[in-house]
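Asker: Give the three-dimensional model of this entry:
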Amino acid sequence: MIILGIHTAGPACELAVLGPDAGLTQRREEMIRGQDARLPGLVTSVLAKADIRLDQVDRFAVITGPGSFTGIRVGVAFARGLALATGRPAIGVTSLEASLPEGQQGSALVALPAQKRPPDLTFWTQSFRSGTATDAPLELSLDQLQARLISHPHMLYGDETALAPHIRDQPIRAAAPSAARAAALAAEFDPELHPARPVYARAPDAALPKAKARP
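Answerer: Here you go, the predicted model:
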């Protein structure tokens, strides 16, 4: 099975081609915005580097968030478009699922930074049991995260730089989402249970303008 992984939910545009014969081919460009303009060219580039044609791809894996609101929409829309054009499934993988290392055993919690400015520190979190998600992604305050770790002990994976100043009483295993990990998971996921659908875990910060009251 050949899988194209797409990750635009963070500060980069990242692609991975994974297959039994193709091995693993990756491409990454750092960018805060402009993923929509660069993504088609990067997909063409990574497929050419892997010597794979688009019609040979069996599945498209896309990281669905939480993360950058605009980046999530770009990646999901593009993966859906490729799936529609080729008749192959698009598989959604959360940022937290794509962060957890292969082969993890026992109870684990992945925590990635959401709001990064004190005092309103929050983290995207998702719980796992031997690699399988046991809940949906949530946004927790620092206090909520600390309380959860105390009441339900887990191995903690995530952004060590963001977590270490606040979580001092247990080891933190460095982890971050990747297109390659999303592609590997998409080989196992049921397309019906893991649709390519945005996962925001909270409402977007932008708000629509209020309608003016009629006189």
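
Asker: what about the longest helix in the protein?
Answerer: Scanning the chain for the helix with the most residues, using DSSP state H, yields helix 69-86.

Asker: Is residue 166 in a helix, a strand, or coil?
Answerer: coil (DSSP: H, G, I helix; E, B strand; the rest coil).

Asker: and the longest helix of the chain, what's its mean pLDDT?
Answerer: Helix 69-86 shows a mean pLDDT of 96.

Asker: So for the protein, the centremost residue is which one?
Answerer: residue 95 (2.4 Å; CA atoms, centre = their mean).

Asker: Would you mind confirming that that residue makes contact with residue 62?
Answerer: No: Residue 95 lies out of contact with residue 62 (CB atoms under 8 Å); the separation is 11.0 Å. All C-beta spots, glycine's among them, are computed from the backbone N, C-alpha and C.

Asker: What ranges does this protein have for its strands?
Answerer: Residue ranges of the strands in the chain, as given by DSSP state E, are 3-7, 12-19, 23-30, 59-63, 90-93, 107-113, 122-129, 132-133, 138-141, 155-158, 172-174.

Asker: a markdown table for those, including mean pLDDT, distance to residue 80 and mean neighbour count?
Answerer: Below are the strands of the chain laid out as a markdown table (pLDDT from 0 to 100; distance: least, CB to CB, whole Å; neighbours: other CB atoms under 10 Å):
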| stretch | mean pLDDT | distance to residue 80 | mean neighbour count |
| --- | --- | --- | --- |
| strand 3-7 | 98 | 11 | 29 |
| strand 12-19 | 95 | 16 | 24 |
| strand 23-30 | 93 | 20 | 14 |
| strand 59-63 | 98 | 8 | 29 |
| strand 90-93 | 98 | 5 | 27 |
| strand 107-113 | 97 | 24 | 22 |
| strand 122-129 | 96 | 23 | 22 |
| strand 132-133 | 96 | 22 | 14 |
| strand 138-141 | 94 | 25 | 17 |
| strand 155-158 | 97 | 28 | 22 |
| strand 172-174 | 96 | 31 | 15 |
